[in-house]
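>>> no FASTA, just this:
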């Protein structure tokens, strides 16, 4: 959807030429978010602004949907690109409804259509249309204004959006909320987005691809996981931080790491049955589920050896449960909080689907760093790793 070809910007100053962007080559597929990342003055914002000609390019070309935009007049180009800035930029003398409808009006939409669009977009970001449509920007909080700034860029349904640090001025709590709302919108709308940030954590959360800039040059362009696992050079390594492996926890879902459909017992099962299951898997504990398959406790091997009776009479409550769509950051937090090395995993209905272990997480992350020539043995399925190398994972 977006292709930059040798895009270059040279500023002429009294001290001489300053190369702000140096032959940037980059392609962003349709429906993806690409975060332009780097320190202040690295060229990321200049590159973004050359796409809609707020900053004219010195050389190079920009293609949108395969069309060379140099053939388009600036007004037509900008009306087909949504643009959001950190300072929000709402018109203070216009109502929220009027702000959202600016571009659709310019494009000649009929009144009923653009008014319906304004109400639809406000509802999408959890702002009640009847409450907010007729308010002015000064009557909204900073976070609410930021939401309006984002949906105003969406009003005319542009295929491409440019975001220049859109959440940078928002407090951390509201920033997380707005980011989450934006990602939910993106799942539905599938816009192609270039997003400037200086925050590696924000980039990891938001991006399908990350473009890292240094001194006007694009030094790495890859998926967030690849950037974190394989920094292109010392600059990228320092920029993403020494805790980059921990940052990868946000990128991996529980379902990618868990040992699926492990053995379970029911409350009415005999302890000896539970013991045989644990001995066959060399596990130190087993999950107990109810008649609907929902985890309700755990039975430990030491208890099954020492006691007689049913699992329902001799079990412990679960310390934590995770959803299969949770990320590994959630898993790590729960493991540390509850001093446990394994957690049962459930689906959206609460039904047991498997278990995730500390060792399984470690092996999954570590597989990325193993030598390529060891493949496929170096990159087995997580469940294989569990069964072969983590038989003692359940030893709380």
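That came through fine. These figures come from a predicted structure and were not determined experimentally. Numbering: from 1, shown residues only.

>>> and the contacts of the longest helix along the chain?
When the chain is scanned for its longest helix (criterion: DSSP state H), the result is helix 172-189. Contact with helix 172-189 is made by 33, 124-126, 142-143, 146-147, 150, 154, 167, 170, 193, 202, 205-206, as judged by CB atoms under 8 Å, 6 or more residues apart in numbering. (Each C-beta comes from the backbone N, C-alpha and C, glycine too.)

>>> what comes up buried for that helix?
Using 16 or more other CB atoms under 10 Å as the test for burial, helix 172-189 gives 174-175, 177-179, 181-182, 185-186.

>>> low pLDDT regions in the stretch 201-350 of the chain?
The model of the stretch 201-350 of the chain has no residue with pLDDT under 70.

>>> tell me where it has helices.
Assigned by DSSP state H, counting those that start in this stretch, the helices in the stretch 201-350 of the chain fall at 224-229, 234-240, 244-247, 254-257, 271-281, 301-306, 328-338.

>>> most packed of the ones you listed?
helix 224-229 (a mean of 21; mean count of other CB atoms under 10 Å).

>>> got a list of what residue 104 touches?
Applying CB under 8 Å, 6+ apart, we find residue 104 in contact with 113-114, 117, 155-156.

>>> show me the protein divided up by domain.
The chain is divided into the following domains under automatic domain parsing: 2-251, 254-389.

>>> the contacts of helix 172-189: which two are farthest apart?
Distance extremes for those: the farthest pair is 33 and 142 at 22.9 Å, using CB to CB.

>>> among the contacts of helix 172-189, which are in strands?
Among the contacts of helix 172-189, the ones falling in strands (DSSP state E) are 33, 193.

>>> out of the contacts of helix 172-189, show me where the pLDDT dips lowest.
The lowest pLDDT within the contacts of helix 172-189 belongs to residue 170, which sits at 72.

>>> now do it against residue 289, distance only.
43 Å (CB to CB, to the nearest Å).

>>> can you lay out the buried residues of helix 172-189 as a markdown table showing pLDDT and distance to residue 303?
Below are the buried residues of helix 172-189 laid out as a markdown table (pLDDT from 0 to 100; distance: CB to CB, whole Å):
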| residue | pLDDT | distance to residue 303 |
| --- | --- | --- |
| 174 | 75 | 47 |
| 175 | 80 | 46 |
| 177 | 80 | 44 |
| 178 | 80 | 48 |
| 179 | 84 | 45 |
| 181 | 82 | 46 |
| 182 | 84 | 48 |
| 185 | 82 | 49 |
| 186 | 87 | 48 |
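
>>> now do the closest residue to residue 218 other than its chain neighbours against residue 121, distance only.
Setting aside the residues directly before and after it, residue 218 is nearest to residue 24 in space (CB to CB, 6 or more residues apart in numbering), at 5.2 Å. Distance of residue 24 to residue 121, given as CB to CB: 32 Å.
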